[in-house]
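Participant: Show me the folded form of this:
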Amino acid sequence: MSLQEKKEWLKLKEYSKTMKSTHLKDLFSEDEDRFKKFSFRKDDFFLDFSKNLIDTEILNELINLAKSCSLNNAITDMFEGKKINHTEDRAVLHTALRHPKSGKLMFEGENVYDLVHGVLDSMTSFSEQIRNGEQLGFTNKKITDVVNIGIGGSDLGPKMVYEGLLHYLDGPKVHFVSNVDGTHITETLKPLNPETTLFLVASKTFTTQETMTNAASAREWLVSSLGEDSVAKHFAAMSTNIEAVTDFGISKDRVFAFWDFVGGRYSLWSAIGLPLMIAFGADKFNEFLSGAHDMDNHFKNTDFDKNLPVIMALIGIWNNNFLDADSHVLLPYDQYLHRFAAHFQQVDMESSGKTVDNNGDFIDYQTGPIIWGEPGTNGQHAFYQLIHQGSKLIPSDFIGFKTSLNQISDHHPKLMANFFAQTEALAFGLSTDKVVEDLKSQNMDDKKIEKLKNHKTFKGNKVSNTLLIDKLTPKSLGALIALYEHKVYVQGVIWNINPFDQWGVELGKKLAKVIFSEMDSLDFSNHDSSTKGLLNEFMNNSN
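Facilitator: Now for the predicted structure:
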(Lines give C-alpha, C1' and ligand atoms only; values in the text may rest on other atoms or scores of the structure.)
Protein backbone atom coordinates (compact mmCIF):
# COMPACT_ATOMS: atom_id res chain seq x y z
CA MET A 1 0.00 0.00 0.00
CA SER A 2 1.36 3.42 -0.93
CA LEU A 3 1.77 6.11 1.71
CA GLN A 4 -1.09 8.21 0.36
CA GLU A 5 -3.47 5.25 0.46
CA LYS A 6 -3.00 4.64 4.17
CA LYS A 7 -6.12 5.38 6.18
CA GLU A 8 -4.10 7.53 8.59
CA TRP A 9 -2.82 9.68 5.70
CA LEU A 10 -6.35 10.07 4.31
CA LYS A 11 -7.69 11.10 7.72
CA LEU A 12 -4.93 13.69 8.08
CA LYS A 13 -5.83 15.05 4.63
CA GLU A 14 -9.38 15.56 5.84
CA TYR A 15 -8.23 17.21 9.07
CA SER A 16 -5.98 19.57 7.11
CA LYS A 17 -8.94 20.99 5.17
CA THR A 18 -10.42 22.25 8.40
CA MET A 19 -7.14 23.29 9.97
CA LYS A 20 -6.13 25.42 6.97
CA SER A 21 -9.02 27.75 7.81
CA THR A 22 -8.39 27.70 11.58
CA HIS A 23 -6.38 30.32 13.48
CA LEU A 24 -4.02 29.64 16.36
CA LYS A 25 -5.83 32.35 18.34
CA ASP A 26 -8.96 30.23 18.25
CA LEU A 27 -7.15 27.04 19.24
CA PHE A 28 -5.68 28.75 22.29
CA SER A 29 -8.89 30.52 23.29
CA GLU A 30 -10.85 27.27 23.06
CA ASP A 31 -8.48 25.27 25.27
CA GLU A 32 -6.82 26.79 28.32
CA ASP A 33 -4.75 23.63 28.76
CA ARG A 34 -3.34 23.74 25.23
CA PHE A 35 0.20 24.58 26.33
CA LYS A 36 0.26 21.69 28.79
CA LYS A 37 -1.07 19.26 26.20
CA PHE A 38 1.48 20.17 23.57
CA SER A 39 4.70 20.61 25.53
CA PHE A 40 6.96 18.38 27.60
CA ARG A 41 10.40 18.17 29.20
CA LYS A 42 13.20 15.72 28.60
CA ASP A 43 16.01 16.35 31.11
CA ASP A 44 17.28 19.88 30.37
CA PHE A 45 15.30 20.16 27.10
CA PHE A 46 11.80 21.64 27.03
CA LEU A 47 9.74 21.48 23.83
CA ASP A 48 6.66 23.63 23.23
CA PHE A 49 4.88 22.68 20.02
CA SER A 50 1.53 24.23 20.96
CA LYS A 51 1.97 27.01 18.39
CA ASN A 52 1.30 24.57 15.56
CA LEU A 53 -2.00 24.05 13.73
CA ILE A 54 -2.74 20.75 15.43
CA ASP A 55 -5.18 19.36 17.94
CA THR A 56 -5.25 16.14 19.93
CA GLU A 57 -6.93 14.19 17.14
CA ILE A 58 -4.33 15.30 14.61
CA LEU A 59 -1.43 14.47 16.92
CA ASN A 60 -2.88 11.03 17.63
CA GLU A 61 -3.36 10.38 13.92
CA LEU A 62 0.22 11.47 13.18
CA ILE A 63 1.42 8.98 15.79
CA ASN A 64 -0.81 6.31 14.21
CA LEU A 65 0.75 7.14 10.84
CA ALA A 66 4.22 6.60 12.31
CA LYS A 67 3.14 3.26 13.74
CA SER A 68 1.59 2.20 10.43
CA CYS A 69 4.98 2.89 8.78
CA SER A 70 6.62 0.49 11.29
CA LEU A 71 8.68 3.25 12.85
CA ASN A 72 9.43 1.16 15.94
CA ASN A 73 10.96 -1.57 13.79
CA ALA A 74 12.89 0.99 11.73
CA ILE A 75 14.42 2.46 14.88
CA THR A 76 15.41 -0.99 16.12
CA ASP A 77 16.88 -1.89 12.73
CA MET A 78 19.14 1.16 12.74
CA PHE A 79 20.47 0.61 16.25
CA GLU A 80 21.03 -3.10 15.60
CA GLY A 81 23.14 -2.47 12.50
CA LYS A 82 20.72 -3.75 9.84
CA LYS A 83 21.68 -2.58 6.34
CA ILE A 84 18.98 0.05 6.11
CA ASN A 85 21.01 2.02 3.55
CA HIS A 86 19.84 -0.52 0.99
CA THR A 87 21.00 1.28 -2.17
CA GLU A 88 24.61 1.07 -0.95
CA ASP A 89 24.16 -2.15 1.06
CA ARG A 90 25.38 -0.48 4.24
CA ALA A 91 24.47 -0.34 7.89
CA VAL A 92 23.91 3.05 9.50
CA LEU A 93 25.76 3.15 12.80
CA HIS A 94 26.64 6.72 13.68
CA THR A 95 24.84 6.00 16.97
CA ALA A 96 27.54 3.42 17.76
CA LEU A 97 30.15 6.18 17.58
CA ARG A 98 28.79 7.71 20.78
CA HIS A 99 28.03 4.47 22.65
CA PRO A 100 30.06 3.63 25.76
CA LYS A 101 32.68 0.93 25.33
CA SER A 102 30.74 -1.59 27.41
CA GLY A 103 28.45 -4.02 25.63
CA LYS A 104 28.51 -5.65 22.22
CA LEU A 105 27.19 -4.77 18.80
CA MET A 106 28.39 -7.38 16.38
CA PHE A 107 28.63 -6.40 12.72
CA GLU A 108 30.33 -8.57 10.10
CA GLY A 109 32.12 -10.55 12.79
CA GLU A 110 33.47 -7.63 14.81
CA ASN A 111 32.30 -5.76 17.89
CA VAL A 112 31.62 -2.26 16.57
CA TYR A 113 32.11 -0.71 20.01
CA ASP A 114 35.64 -2.12 20.17
CA LEU A 115 36.43 -0.67 16.74
CA VAL A 116 35.04 2.72 17.67
CA HIS A 117 36.81 2.98 20.99
CA GLY A 118 40.08 1.78 19.49
CA VAL A 119 40.03 4.83 17.23
CA LEU A 120 38.81 7.09 20.05
CA ASP A 121 41.73 5.94 22.20
CA SER A 122 44.18 6.74 19.38
CA MET A 123 42.54 10.16 18.87
CA THR A 124 42.78 10.85 22.60
CA SER A 125 46.47 9.98 22.74
CA PHE A 126 47.34 12.05 19.66
CA SER A 127 45.24 15.06 20.65
CA GLU A 128 46.66 15.18 24.16
CA GLN A 129 50.21 14.97 22.81
CA ILE A 130 49.47 17.92 20.51
CA ARG A 131 47.77 19.88 23.28
CA ASN A 132 50.50 19.36 25.91
CA GLY A 133 53.42 19.84 23.51
CA GLU A 134 54.65 16.26 23.60
CA GLN A 135 54.34 16.19 19.82
CA LEU A 136 55.95 19.31 18.35
CA GLY A 137 56.36 20.68 14.87
CA PHE A 138 59.38 20.14 12.63
CA THR A 139 61.34 22.96 14.28
CA ASN A 140 60.38 21.80 17.80
CA LYS A 141 57.74 24.48 18.31
CA LYS A 142 54.37 23.77 19.89
CA ILE A 143 51.34 23.53 17.59
CA THR A 144 49.13 26.59 18.01
CA ASP A 145 46.85 26.28 14.98
CA VAL A 146 45.10 23.38 13.28
CA VAL A 147 43.77 23.56 9.72
CA ASN A 148 41.04 21.02 8.98
CA ILE A 149 40.82 20.29 5.25
CA GLY A 150 37.60 18.57 4.22
CA ILE A 151 34.25 19.28 2.59
CA GLY A 152 30.60 18.44 3.23
CA GLY A 153 30.25 16.30 6.32
CA SER A 154 33.99 16.51 6.93
CA ASP A 155 33.66 20.27 7.29
CA LEU A 156 30.15 21.48 8.13
CA GLY A 157 29.61 19.32 11.21
CA PRO A 158 32.94 19.80 12.97
CA LYS A 159 33.00 23.48 12.05
CA MET A 160 29.53 24.01 13.51
CA VAL A 161 30.48 22.22 16.73
CA TYR A 162 33.79 24.08 16.98
CA GLU A 163 31.99 27.41 16.75
CA GLY A 164 29.27 26.12 19.07
CA LEU A 165 31.75 25.23 21.81
CA LEU A 166 34.15 28.12 21.34
CA HIS A 167 33.47 29.24 24.90
CA TYR A 168 35.26 26.07 26.08
CA LEU A 169 38.33 26.39 23.85
CA ASP A 170 41.56 25.64 25.74
CA GLY A 171 43.73 24.15 22.98
CA PRO A 172 45.00 25.16 19.54
CA LYS A 173 42.74 27.25 17.36
CA VAL A 174 41.11 25.40 14.49
CA HIS A 175 40.57 26.77 11.00
CA PHE A 176 38.41 25.04 8.39
CA VAL A 177 39.14 24.93 4.66
CA SER A 178 36.58 23.35 2.34
CA ASN A 179 36.04 25.34 -0.84
CA VAL A 180 38.23 24.46 -3.82
CA ASP A 181 38.22 28.19 -4.60
CA GLY A 182 41.86 29.12 -3.97
CA THR A 183 40.75 32.14 -1.97
CA HIS A 184 39.66 29.93 0.91
CA ILE A 185 42.99 28.31 1.63
CA THR A 186 44.98 31.42 0.71
CA GLU A 187 43.17 33.63 3.20
CA THR A 188 43.22 30.90 5.87
CA LEU A 189 46.99 30.43 5.64
CA LYS A 190 47.92 34.13 5.47
CA PRO A 191 48.13 34.74 9.24
CA LEU A 192 49.51 31.30 10.14
CA ASN A 193 53.05 30.21 10.88
CA PRO A 194 54.15 26.97 9.15
CA GLU A 195 56.26 26.05 12.18
CA THR A 196 53.23 25.95 14.48
CA THR A 197 50.49 24.71 12.12
CA LEU A 198 49.08 21.19 11.93
CA PHE A 199 46.99 20.09 8.94
CA LEU A 200 44.24 17.46 9.23
CA VAL A 201 43.11 16.02 5.91
CA ALA A 202 39.61 14.53 6.16
CA SER A 203 38.71 12.25 3.26
CA LYS A 204 37.62 8.64 3.62
CA THR A 205 38.99 7.68 0.19
CA PHE A 206 41.70 10.34 0.11
CA THR A 207 40.51 11.17 -3.40
CA THR A 208 37.88 13.89 -2.88
CA GLN A 209 38.78 16.49 -5.50
CA GLU A 210 38.28 19.64 -3.42
CA THR A 211 39.94 18.20 -0.34
CA MET A 212 42.96 16.79 -2.12
CA THR A 213 43.46 19.98 -4.14
CA ASN A 214 43.52 22.00 -0.92
CA ALA A 215 45.74 19.42 0.79
CA ALA A 216 48.25 19.63 -2.05
CA SER A 217 48.33 23.43 -1.76
CA ALA A 218 48.75 23.22 2.01
CA ARG A 219 51.60 20.76 1.53
CA GLU A 220 53.29 23.07 -0.98
CA TRP A 221 52.93 26.01 1.43
CA LEU A 222 54.55 24.00 4.22
CA VAL A 223 57.34 22.48 2.13
CA SER A 224 58.28 25.83 0.57
CA SER A 225 59.02 27.09 4.06
CA LEU A 226 60.25 24.06 6.02
CA GLY A 227 61.26 21.49 3.42
CA GLU A 228 59.98 18.07 2.40
CA ASP A 229 60.89 16.37 5.67
CA SER A 230 58.47 18.61 7.59
CA VAL A 231 55.35 16.95 6.15
CA ALA A 232 55.40 14.04 8.58
CA LYS A 233 55.36 16.40 11.57
CA HIS A 234 52.66 18.76 10.29
CA PHE A 235 50.06 16.49 8.70
CA ALA A 236 47.60 13.87 9.93
CA ALA A 237 44.65 12.28 8.17
CA MET A 238 41.19 10.89 8.80
CA SER A 239 40.92 8.27 6.09
CA THR A 240 40.76 4.58 5.22
CA ASN A 241 43.13 4.75 2.22
CA ILE A 242 46.41 4.05 3.99
CA GLU A 243 48.40 3.68 0.77
CA ALA A 244 47.37 7.08 -0.59
CA VAL A 245 47.92 8.72 2.79
CA THR A 246 51.44 7.37 3.18
CA ASP A 247 52.26 8.30 -0.42
CA PHE A 248 51.32 11.86 0.54
CA GLY A 249 53.94 11.72 3.30
CA ILE A 250 51.76 11.08 6.35
CA SER A 251 52.90 8.29 8.66
CA LYS A 252 50.53 5.44 9.52
CA ASP A 253 50.43 6.35 13.19
CA ARG A 254 48.84 9.66 12.22
CA VAL A 255 45.96 8.10 10.28
CA PHE A 256 42.59 7.76 12.01
CA ALA A 257 40.01 5.45 10.47
CA PHE A 258 36.26 5.55 10.10
CA TRP A 259 33.91 3.16 8.37
CA ASP A 260 31.37 2.69 5.59
CA PHE A 261 28.60 2.43 8.15
CA VAL A 262 29.15 6.12 8.94
CA GLY A 263 27.70 8.52 6.39
CA GLY A 264 29.58 11.76 5.79
CA ARG A 265 26.93 14.07 7.23
CA TYR A 266 26.76 11.91 10.37
CA SER A 267 30.51 11.54 10.80
CA LEU A 268 31.45 14.32 13.22
CA TRP A 269 31.22 11.79 16.07
CA SER A 270 33.99 9.71 14.45
CA ALA A 271 37.62 10.50 13.64
CA ILE A 272 36.20 13.50 11.76
CA GLY A 273 35.83 14.99 15.24
CA LEU A 274 39.61 14.95 15.77
CA PRO A 275 39.97 18.76 15.41
CA LEU A 276 37.34 19.12 18.15
CA MET A 277 39.24 16.82 20.48
CA ILE A 278 42.45 18.77 19.87
CA ALA A 279 40.69 22.08 20.49
CA PHE A 280 38.63 21.16 23.57
CA GLY A 281 40.27 18.04 24.96
CA ALA A 282 39.12 14.43 25.23
CA ASP A 283 36.98 15.03 28.32
CA LYS A 284 34.85 17.68 26.59
CA PHE A 285 34.60 15.57 23.45
CA ASN A 286 33.43 12.61 25.53
CA GLU A 287 30.80 14.83 27.18
CA PHE A 288 29.66 15.74 23.68
CA LEU A 289 29.36 12.05 22.78
CA SER A 290 27.56 11.36 26.05
CA GLY A 291 24.88 13.95 25.29
CA ALA A 292 24.23 12.37 21.91
CA HIS A 293 24.10 8.90 23.47
CA ASP A 294 21.52 10.09 26.00
CA MET A 295 19.36 11.37 23.13
CA ASP A 296 19.86 8.05 21.31
CA ASN A 297 18.47 6.21 24.34
CA HIS A 298 15.57 8.64 24.61
CA PHE A 299 14.76 8.16 20.93
CA LYS A 300 15.04 4.39 21.12
CA ASN A 301 13.13 3.83 24.36
CA THR A 302 10.50 6.58 24.72
CA ASP A 303 6.87 6.37 23.65
CA PHE A 304 6.17 8.44 20.57
CA ASP A 305 3.94 10.99 22.32
CA LYS A 306 6.86 12.10 24.55
CA ASN A 307 9.69 11.44 22.13
CA LEU A 308 11.47 14.63 21.09
CA PRO A 309 12.75 13.53 17.65
CA VAL A 310 9.49 11.75 16.81
CA ILE A 311 7.23 14.65 17.76
CA MET A 312 9.36 17.19 15.89
CA ALA A 313 9.42 14.90 12.83
CA LEU A 314 5.65 14.38 12.90
CA ILE A 315 5.04 18.13 13.16
CA GLY A 316 7.38 18.51 10.18
CA ILE A 317 5.39 15.92 8.20
CA TRP A 318 2.15 17.70 9.08
CA ASN A 319 3.41 21.12 8.01
CA ASN A 320 5.09 19.85 4.85
CA ASN A 321 2.64 17.30 3.50
CA PHE A 322 -0.67 18.54 4.82
CA LEU A 323 -0.31 22.32 5.25
CA ASP A 324 1.86 22.72 2.13
CA ALA A 325 4.86 24.42 3.77
CA ASP A 326 7.85 23.94 1.48
CA SER A 327 10.60 25.33 3.72
CA HIS A 328 11.59 25.20 7.37
CA VAL A 329 13.71 27.76 9.19
CA LEU A 330 16.08 27.07 12.10
CA LEU A 331 16.54 30.01 14.46
CA PRO A 332 19.03 29.43 17.28
CA TYR A 333 19.09 32.37 19.68
CA ASP A 334 22.75 31.90 20.54
CA GLN A 335 25.59 33.36 18.51
CA TYR A 336 27.72 30.28 19.16
CA LEU A 337 25.26 28.31 17.00
CA HIS A 338 25.56 30.58 13.98
CA ARG A 339 26.52 27.58 11.77
CA PHE A 340 23.77 25.28 13.10
CA ALA A 341 21.42 25.87 10.17
CA ALA A 342 24.24 25.38 7.65
CA HIS A 343 25.06 21.95 9.07
CA PHE A 344 21.45 20.82 9.11
CA GLN A 345 20.90 22.08 5.61
CA GLN A 346 23.19 19.24 4.63
CA VAL A 347 21.92 16.66 7.11
CA ASP A 348 18.27 17.24 6.22
CA MET A 349 18.39 18.20 2.53
CA GLU A 350 20.95 15.58 1.52
CA SER A 351 18.96 12.97 3.43
CA SER A 352 15.44 13.99 2.45
CA GLY A 353 15.96 15.35 -1.06
CA LYS A 354 14.59 12.21 -2.74
CA THR A 355 11.86 11.44 -5.27
CA VAL A 356 12.32 7.65 -5.36
CA ASP A 357 10.98 5.42 -2.61
CA ASN A 358 12.48 2.30 -1.09
CA ASN A 359 10.74 0.17 -3.71
CA GLY A 360 12.54 2.02 -6.49
CA ASP A 361 9.39 3.84 -7.62
CA PHE A 362 9.03 7.56 -8.28
CA ILE A 363 6.81 9.24 -5.73
CA ASP A 364 4.27 12.03 -6.15
CA TYR A 365 4.25 13.56 -2.66
CA GLN A 366 6.54 16.11 -1.08
CA THR A 367 9.60 14.92 0.80
CA GLY A 368 12.24 17.19 2.33
CA PRO A 369 11.58 20.89 2.85
CA ILE A 370 14.15 23.60 2.14
CA ILE A 371 16.15 24.11 5.35
CA TRP A 372 17.62 27.53 6.10
CA GLY A 373 18.18 29.96 8.95
CA GLU A 374 20.39 32.33 10.90
CA PRO A 375 20.86 33.09 14.58
CA GLY A 376 18.55 35.51 16.37
CA THR A 377 18.41 38.44 16.64
CA ASN A 378 20.27 38.98 13.37
CA GLY A 379 17.57 37.18 11.40
CA GLN A 380 14.93 39.53 12.78
CA HIS A 381 16.58 42.37 10.87
CA ALA A 382 16.97 40.30 7.70
CA PHE A 383 14.25 37.83 6.69
CA TYR A 384 11.64 37.78 9.47
CA GLN A 385 9.58 40.21 7.40
CA LEU A 386 8.85 37.37 4.97
CA ILE A 387 7.94 34.98 7.78
CA HIS A 388 5.61 37.49 9.46
CA GLN A 389 3.86 39.15 6.54
CA GLY A 390 4.86 37.17 3.44
CA SER A 391 2.47 34.96 1.51
CA LYS A 392 4.20 31.69 2.40
CA LEU A 393 3.76 29.50 5.47
CA ILE A 394 7.27 29.03 6.90
CA PRO A 395 7.39 26.81 10.00
CA SER A 396 10.11 27.84 12.44
CA ASP A 397 12.19 26.16 15.15
CA PHE A 398 13.23 28.62 17.86
CA ILE A 399 16.15 27.26 19.92
CA GLY A 400 17.11 29.15 23.07
CA PHE A 401 19.03 28.72 26.31
CA LYS A 402 17.97 29.71 29.82
CA THR A 403 21.50 30.60 30.87
CA SER A 404 23.99 32.55 28.78
CA LEU A 405 27.66 31.59 28.67
CA ASN A 406 28.50 35.31 28.59
CA GLN A 407 26.58 37.22 31.22
CA ILE A 408 27.15 40.81 30.11
CA SER A 409 24.86 43.49 31.48
CA ASP A 410 21.30 42.80 30.28
CA HIS A 411 22.21 41.23 26.94
CA HIS A 412 20.67 37.81 27.63
CA PRO A 413 17.30 39.03 28.98
CA LYS A 414 16.99 41.27 25.91
CA LEU A 415 17.90 38.38 23.61
CA MET A 416 15.36 36.08 25.22
CA ALA A 417 12.67 38.78 25.31
CA ASN A 418 13.00 38.84 21.53
CA PHE A 419 12.98 35.04 21.44
CA PHE A 420 9.64 34.79 23.21
CA ALA A 421 8.14 37.85 21.52
CA GLN A 422 8.79 36.52 18.03
CA THR A 423 6.95 33.23 18.56
CA GLU A 424 4.01 35.13 20.10
CA ALA A 425 3.92 37.67 17.26
CA LEU A 426 4.13 34.96 14.61
CA ALA A 427 1.30 32.99 16.17
CA PHE A 428 -1.16 35.71 17.13
CA GLY A 429 -0.25 38.67 14.97
CA LEU A 430 -1.84 42.10 15.30
CA SER A 431 -5.41 42.73 14.16
CA THR A 432 -6.48 45.63 11.97
CA ASP A 433 -8.74 46.90 14.77
CA LYS A 434 -5.80 47.04 17.16
CA VAL A 435 -3.67 48.77 14.51
CA VAL A 436 -6.35 51.43 14.05
CA GLU A 437 -6.67 51.87 17.81
CA ASP A 438 -2.89 52.32 18.15
CA LEU A 439 -2.72 54.83 15.30
CA LYS A 440 -5.61 56.85 16.69
CA SER A 441 -3.81 57.03 20.04
CA GLN A 442 -0.97 58.73 18.15
CA ASN A 443 -3.44 61.38 16.92
CA MET A 444 -3.08 60.25 13.31
CA ASP A 445 -5.81 61.51 10.98
CA ASP A 446 -8.33 59.08 9.49
CA LYS A 447 -7.05 59.40 5.92
CA LYS A 448 -3.51 58.37 6.90
CA ILE A 449 -4.85 55.60 9.12
CA GLU A 450 -6.82 54.19 6.20
CA LYS A 451 -3.68 54.24 4.08
CA LEU A 452 -1.48 52.51 6.68
CA LYS A 453 -3.73 50.10 8.54
CA ASN A 454 -3.35 47.06 6.27
CA HIS A 455 0.42 47.51 6.00
CA LYS A 456 0.69 47.36 9.79
CA THR A 457 -1.66 44.41 10.20
CA PHE A 458 -0.13 41.05 11.11
CA LYS A 459 -2.42 38.12 10.31
CA GLY A 460 -0.43 35.79 12.56
CA ASN A 461 -1.14 32.06 12.33
CA LYS A 462 2.53 31.40 11.58
CA VAL A 463 3.54 28.12 13.18
CA SER A 464 6.61 27.40 15.29
CA ASN A 465 8.29 25.03 17.72
CA THR A 466 10.14 26.38 20.74
CA LEU A 467 13.01 24.35 22.15
CA LEU A 468 14.28 25.77 25.44
CA ILE A 469 17.49 24.26 26.83
CA ASP A 470 19.10 24.96 30.18
CA LYS A 471 22.61 25.84 28.96
CA LEU A 472 24.88 25.36 25.94
CA THR A 473 27.41 22.74 27.00
CA PRO A 474 29.25 19.98 25.13
CA LYS A 475 26.66 17.54 26.43
CA SER A 476 23.59 19.58 25.51
CA LEU A 477 24.98 20.37 22.06
CA GLY A 478 25.59 16.67 21.44
CA ALA A 479 22.01 15.92 22.44
CA LEU A 480 20.64 18.72 20.26
CA ILE A 481 22.48 17.48 17.16
CA ALA A 482 21.38 13.89 17.77
CA LEU A 483 17.79 15.08 18.18
CA TYR A 484 17.79 16.64 14.71
CA GLU A 485 19.58 13.65 13.18
CA HIS A 486 16.86 11.34 14.46
CA LYS A 487 14.13 13.74 13.37
CA VAL A 488 15.43 13.45 9.81
CA TYR A 489 15.44 9.65 10.05
CA VAL A 490 11.84 9.50 11.28
CA GLN A 491 10.67 11.64 8.39
CA GLY A 492 12.54 9.42 5.95
CA VAL A 493 10.86 6.32 7.38
CA ILE A 494 7.41 7.85 6.96
CA TRP A 495 8.16 9.06 3.42
CA ASN A 496 9.52 5.56 2.64
CA ILE A 497 12.80 6.92 1.30
CA ASN A 498 16.43 6.09 2.03
CA PRO A 499 17.79 9.07 4.01
CA PHE A 500 21.37 7.74 4.01
CA ASP A 501 22.41 7.79 0.35
CA GLN A 502 23.12 10.89 -1.74
CA TRP A 503 23.23 9.97 -5.41
CA GLY A 504 22.17 13.49 -6.31
CA VAL A 505 25.61 14.92 -5.54
CA GLU A 506 27.42 12.59 -7.93
CA LEU A 507 26.41 13.71 -11.43
CA GLY A 508 27.75 17.25 -11.19
CA LYS A 509 31.04 15.98 -9.74
CA LYS A 510 31.48 13.52 -12.62
CA LEU A 511 30.75 16.17 -15.23
CA ALA A 512 33.18 18.56 -13.54
CA LYS A 513 35.99 16.01 -13.95
CA VAL A 514 35.14 15.63 -17.63
CA ILE A 515 35.11 19.40 -18.19
CA PHE A 516 38.37 19.87 -16.32
CA SER A 517 40.05 17.26 -18.51
CA GLU A 518 38.78 19.06 -21.62
CA MET A 519 40.15 22.45 -20.68
CA ASP A 520 43.60 21.65 -22.10
CA SER A 521 42.29 20.55 -25.49
CA LEU A 522 39.54 23.22 -25.63
CA ASP A 523 37.29 20.57 -27.16
CA PHE A 524 33.84 21.10 -25.70
CA SER A 525 31.93 19.64 -28.62
CA ASN A 526 30.14 17.01 -26.56
CA HIS A 527 28.26 19.60 -24.50
CA ASP A 528 25.04 21.50 -25.10
CA SER A 529 25.23 24.93 -26.74
CA SER A 530 24.85 26.82 -23.43
CA THR A 531 27.59 24.92 -21.58
CA LYS A 532 29.85 24.99 -24.65
CA GLY A 533 29.33 28.74 -25.07
CA LEU A 534 30.02 29.45 -21.42
CA LEU A 535 33.20 27.36 -21.46
CA ASN A 536 34.48 29.13 -24.54
CA GLU A 537 33.69 32.50 -22.98
CA PHE A 538 35.60 31.50 -19.84
CA MET A 539 38.62 30.01 -21.62
CA ASN A 540 38.96 32.94 -24.02
CA ASN A 541 38.91 35.53 -21.26
CA SER A 542 40.49 33.90 -18.20
CA ASN A 543 44.05 34.26 -16.96
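Participant: where along the stretch 251-400 of the chain do the strands fall?
Facilitator: If DSSP state E, counting those that start in this stretch is used as the criterion, the strands of the stretch 251-400 of the chain fall at 255-256, 327-332, 370-372, 396-403.
Participant: Those into JSON lines, with extra columns for distance to Glu424 and mean neighbour count?
Facilitator: All C-beta spots, glycine's among them, are computed from the backbone N, C-alpha and C. Below are the strands of the stretch 251-400 of the chain laid out as JSON lines (distance: least, CB to CB, whole Å; neighbours: other CB atoms under 10 Å):
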{"stretch": "strand 255-256", "distance to Glu424": "48", "mean neighbour count": "21"}
{"stretch": "strand 327-332", "distance to Glu424": "14", "mean neighbour count": "23"}
{"stretch": "strand 370-372", "distance to Glu424": "22", "mean neighbour count": "18"}
{"stretch": "strand 396-403", "distance to Glu424": "11", "mean neighbour count": "20"}
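Participant: quick one: which of the ones you listed is nearest Lys434?
Facilitator: Within those, the stretch nearest Lys434 is strand 396-403; the backing value is 22.9 Å (CB to CB).
Participant: Pull up the pairing partners for that closest one, direction included.
Facilitator: Note on strand 396-403: by DSSP bridges, its sheet partners are strand 327-332 (parallel), strand 464-471 (parallel).
Participant: Name the next helix or strand downstream of the last one, please.
Facilitator: Which is strand 464-471. Moving toward the C-terminus from strand 464-471, the next helix or strand (DSSP states H and E) is helix 474-495.
Participant: now that next one and strand 464-471, what's the angle there?
Facilitator: 150 degrees (axes from the mean of the first three to the mean of the last three CA atoms, to 10 degrees).
Participant: Report all helices and strands that helix 474-495 contacts.
Facilitator: Helix 474-495 sits against strand 45-48, helix 56-68, helix 71-79, helix 156-164, helix 282-301, helix 308-317, helix 340-352, strand 464-471, with contacts defined as 3 or more CB pairs under 8 Å, 6 or more residues apart in numbering; DSSP states H and E.
Participant: quick revisit: need the strands paired with strand 396-403 in a markdown table with distance to Val174 and mean pLDDT, can you?
Facilitator: As requested, the strands paired with strand 396-403 are exported to a markdown table (distance: least, CB to CB, whole Å; pLDDT from 0 to 100):
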| stretch | distance to Val174 | mean pLDDT |
| --- | --- | --- |
| strand 327-332 | 20 | 98 |
| strand 464-471 | 23 | 98 |
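Participant: need those strands in CSV with distance to Thr183, can you?
Facilitator: Below are the strands paired with strand 396-403 laid out as CSV (distance: least, CB to CB, whole Å):
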stretch, distance to Thr183
strand 327-332, 27
strand 464-471, 36
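Participant: who wins for proximity to Thr186 among those?
Facilitator: The nearest among the strands paired with strand 396-403, by CB to CB, is strand 327-332 at 30.5 Å.
Participant: closest to Asn193 out of the strands paired with strand 396-403?
Facilitator: Nearest to Asn193 among those is strand 327-332; the distance by CB to CB comes to 33.8 Å.
Participant: Give me the distance between that closest one and the centre of its chain.
Facilitator: Taking CA atoms, centre = their mean, to the nearest Å, the mean C-alpha location of strand 327-332 is offset from the chain mean by 11 Å.
Participant: follow-up on the earlier one: closest one to Phe285 among the strands paired with strand 396-403?
Facilitator: Per CB to CB, nearest to Phe285 of the strands paired with strand 396-403: strand 464-471, 18.0 Å.
Participant: picking that back up, of all the strands of the stretch 251-400 of the chain, which lies closest to Tyr15?
Facilitator: Comparing these by their distance to Tyr15 (CB to CB), the top pick is strand 327-332, with 20.4 Å.
Participant: What angle do helix 308-317 and that closest one make with each other?
Facilitator: Using the same axes, to 10 degrees: strand 327-332 against helix 308-317 is 140 degrees.
Participant: quick one, strand 327-332 and helix 156-164 angle?
Facilitator: Going by the same axes, to 10 degrees, strand 327-332 is angled at 30 degrees with respect to helix 156-164.
Participant: right, and the strands paired with strand 396-403 - which one's nearest Lys37?
Facilitator: Counting by CB to CB, Lys37 lies closest to strand 464-471 out of the strands paired with strand 396-403; the figure is 14.7 Å.
Participant: what's the closest non-adjacent residue to Asp501?
Facilitator: The spatially closest residue to Asp501, leaving aside those adjacent along the chain, is Thr87, at 4.7 Å (CB to CB, 6 or more residues apart in numbering).
Participant: Next one: that neighbour from Ile278, what distance?
Facilitator: The gap separating Thr87 from Ile278 is 35 Å, by CB to CB, to the nearest Å.
Participant: before we move on, what about Arg219?
Facilitator: As judged by CB to CB, Arg219 and Ile278 stand 20 Å apart.
Participant: For the two, indicate the residue with more neighbours.
Facilitator: Counted by other CB atoms under 10 Å, Arg219 and Ile278 do not tie: Ile278 has more neighbours, with 27 against 20.
Participant: Got the confidence number for the more buried one?
Facilitator: What the model reports for Ile278 is a pLDDT of 98.
Participant: who touches it in this structure?
Facilitator: Counting by CB atoms under 8 Å, 6 or more residues apart in numbering, Ile278 touches 127, 130-131, 146, 171-172, 174, 198.
Participant: Now do the same for the closest residue to it other than its chain neighbours: helix, strand or coil?
Facilitator: Among residues not flanking Ile278 along the chain, Ser127 sits closest, at 4.5 Å (CB to CB, 6+ apart). For Ser127, the assignment made with DSSP: H, G, I helix; E, B strand; the rest coil gives helix.
Participant: unless I'm mixing things up, Ser127 is touching Ala282, no?
Facilitator: Yes - with contact defined as CB atoms under 8 Å, Ser127 reaches Ala282; the gap is 6.3 Å.
Participant: That concludes my questions; thank you for your assistance.
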